[in-house]
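> Kindly generate the corresponding structure for this input.
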Amino acid sequence: MEKYMAVPASDGLAFGPVCRVRRSMSGMGRAVLNPRQEEAAYRSALARAQQNLDQLIAKASADEKAIFQAQQVMMADEGLQNEVLAYIHAGAGAAAAVERAAGIFAGRIRALDDDYLRERACDVLDACYRIVDVLDGPQAQLPPLTSPSILAAEELYPTDILSIDRRMILGLVMGAGSANAHASIIARTMGIPAVVLAGQEFLDVCDGKIAALNGSTGDLCLEPDEATKARFAHSIRLARRRTLSEERLRYAACVTRDGTEFELYANCSTAEDVRAAIEADAHGIGLLLSEYLVRPGENDSEEAQYQFYTACLAAAKGKPVTISTYGGNGPEGALETNPALGLRGVRYSLAHPQWFQTQLAALLRAGVQGNLRIVLPMVSTSDDIERALEMLHAAKASLRKRRVPFSENVPVGVMIETPAAALGARELARKSAFFHISTTNLAQYAHAADRSSATAQEYYPHFSPAVHRMVSMTVEAAAEARIPVCVCCESAARPELAEVYLRLGVRQLSMAYGSLLGIKEYLMGISL
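From the prediction side, this is the model:
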């Protein structure tokens, strides 16, 4: 047994045969046309490679999307293009010119002092391989895998990993590379154990041998002895058992031990968040705060907002998405003595009717594309709802006049986050399609303790009988009006508080999607 020490890059254990990847860029055996024809072929291949990346970006995860977008920028780099064209005009073929320019540019990047920039050298090569593949036809860069294997190479590129059936990759070993390189990031996204900086000595002797690697510690060995084999096999079985247990839990019904059904939603900020939440089997998106990507004066046009909302609805795949109208401080808020008590939420929107109508128009248009609900934040009286609904009707009239398609029946609800709203819940329920409760803000206003103030933290309770009483009042009002009610804040992700909310009659909870499985497991184990 030969032991090696590498650097962890992606958690997990792998055990199996090693497939050594050897890469070559020769440029030999290609027919070379005149420079004008080769330049035309290069420009055509560049456009085609950019289009291929567009297609990948459209269906990629957030991490993969950023990688492919970076590759597009690299392909379009003027310096790189000029280098390629210079080689072509000197008599080289387009494919050979791209390979040579890529090697030179990657070498320059590797010579930089900045660690992050050095890691981008492999992305230049990967981007250029895409152009060469268009020019030559896809090259067999990786050997065909007939059985699941551990891939080993000096460096692996994102394309290498994404071009192989995930089921055939047991793990990744890179002789060089970095834990922060894009190949490592993709390995973590895909759940593939990986190590980097394993060294040339390992690469020289690994091909075809049995290897065991620990992506969490960097431990790596070839031809492991029987004790190591047994230890790895046992650890892998335990990991698989945990994964299967999580998968069973993910798709199990949300029901307590005594048969009470509940629903778990996710709080999100972007379309990527929404996609991840739906993959985590959330019932839908309980709260999407529009102010993170849509702010007055910044990307606030109707079209920009429409595109953002539509992307979020598409990512939800038909499940409900509740989008809050703008809830942050307006410019005036920064000048107020206490912004938390000023023009926040629906107050800001009603004080800026033109901007509010733009947002409502964008939301109504997006409602055609999915299961949209709108929630009004910081409501304290029924007058707030009435004025907001009047603005909604005005936005609909404007869209009709413009002959723009929109959804006529988007449900509009209220965020219960002030004591006034909780105390007046019965009146608000008559005008609302649903209630959302922010216990975070209820606690802040009920206890007169700014939750962002370090000096007031001792007065800001995480467990508040007063808040629970207001939640109970809200639930009773919602039940009388036969409208749903959801608690949607970080407190819903605390097991002991989630249980309290269920005992108070709440049947919908919304939280960060990473907390869904843990809360689900806890609630499935209690009886009400």
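> what about the nearest residue to Arg387 once chain neighbours are set aside, helix or strand, and which?
Leaving aside its chain neighbours, Arg387 sits nearest to Leu350 (5.4 Å; criterion: Cβ to Cβ, 6 or more residues apart in numbering). Placement of C-beta: from N, CA and C, glycine included. According to DSSP states H and E, Leu350 maps onto helix 346-351.
> Now do the same for that helix: mean pLDDT, whole number.
Averaged across helix 346-351, pLDDT comes to 88.
> same question, stretch 367-377
On average, stretch 367-377 scores 95.
> got it, and stretch 389-404?
Across stretch 389-404, pLDDT averages out at 95.
> try stretch 132-149
Computed over stretch 132-149, the mean pLDDT rounds to 74.
> got it, and stretch 56-64?
Averaged over stretch 56-64, pLDDT sits at 67.
> what's the following helix or strand after the least confident helix or strand in the chain by mean pLDDT?
Sorting the helices and strands of the chain by mean pLDDT, DSSP states H and E puts helix 115-118 at the bottom, at a mean of 65. Next in sequence after helix 115-118, counting helices and strands by DSSP H and E, comes helix 121-136.
> to the chain's geometric centre, what's the distance from that next one?
In terms of Cα atoms, centre = their mean, to the nearest Å, the centre of helix 121-136 is set 27 Å apart from its chain centre.
> Residues contacting it, please?
Helix 121-136 is contacted by residues 25, 30, 41-42, 44-46, 48-49, 52-53, 67, 70-72, 74-75, 80, 94-95, 98-99, 101-103, 105-107, 109-110, 139, 141, 155, 157-159, 177, 181-183 when judged by Cβ atoms under 8 Å, 6 or more residues apart in numbering.
> Which ones among the residues you listed lie within strands?
Members of the contacts of helix 121-136 lying in strands (criterion: DSSP state E): none.
> Out of these, which end up buried?
With burial judged by 16 or more other Cβ atoms under 10 Å, the buried subset of those is 25, 41-42, 45-46, 49, 53, 67, 70-72, 74-75, 80, 94-95, 98-99, 101-102, 105-106, 109, 141, 155, 157-159, 177, 181-183.
> The residue nearest the centre of the chain and Met391, how far apart?
Geometric centre of the chain, nearest residue: Glu272, 3.5 Å, by Cα atoms, centre = their mean. According to Cβ to Cβ, to the nearest Å, Glu272 and Met391 sit 30 Å apart.
> Average pLDDT for the helix or strand that contains Phe232, rounded please.
In the assignment (DSSP H and E), Phe232 maps to helix 226-251. Across helix 226-251, the average pLDDT comes to 82.
> And the strands in the stretch 251-400 of the chain, which stretches?
263-268, 285-289, 321-324, 372-376 (DSSP state E, counting those that start in this stretch).
> Would you convert the ones you listed into a markdown table that also reports distance to Ala512?
Below are those laid out as a markdown table (distance: least, Cβ to Cβ, whole Å):
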| stretch | distance to Ala512 |
| --- | --- |
| strand 263-268 | 6 |
| strand 285-289 | 11 |
| strand 321-324 | 15 |
| strand 372-376 | 18 |
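> And the contacts of stretch 264-275?
Contacts for stretch 264-275 (Cβ under 8 Å, 6+ apart): 61-62, 65, 254, 277, 280, 282-289, 292-293, 308, 311-312, 314-316, 321-322, 486, 488-489, 508-513, 516, 519-520.
> From those, which land in helices?
Taking DSSP state H as the definition of helices, the contacts of stretch 264-275 contribute Ala62, Lys65, Ala277, Phe308, Ala311, Cys312, Ala314, Ala315, Leu516, Ile519, Lys520.
> residue contacts, the third one?
Meaning Ala277. Ala266, Cys268, Ile285, Tyr513, Leu516.
> Alright, that wraps it up for me.
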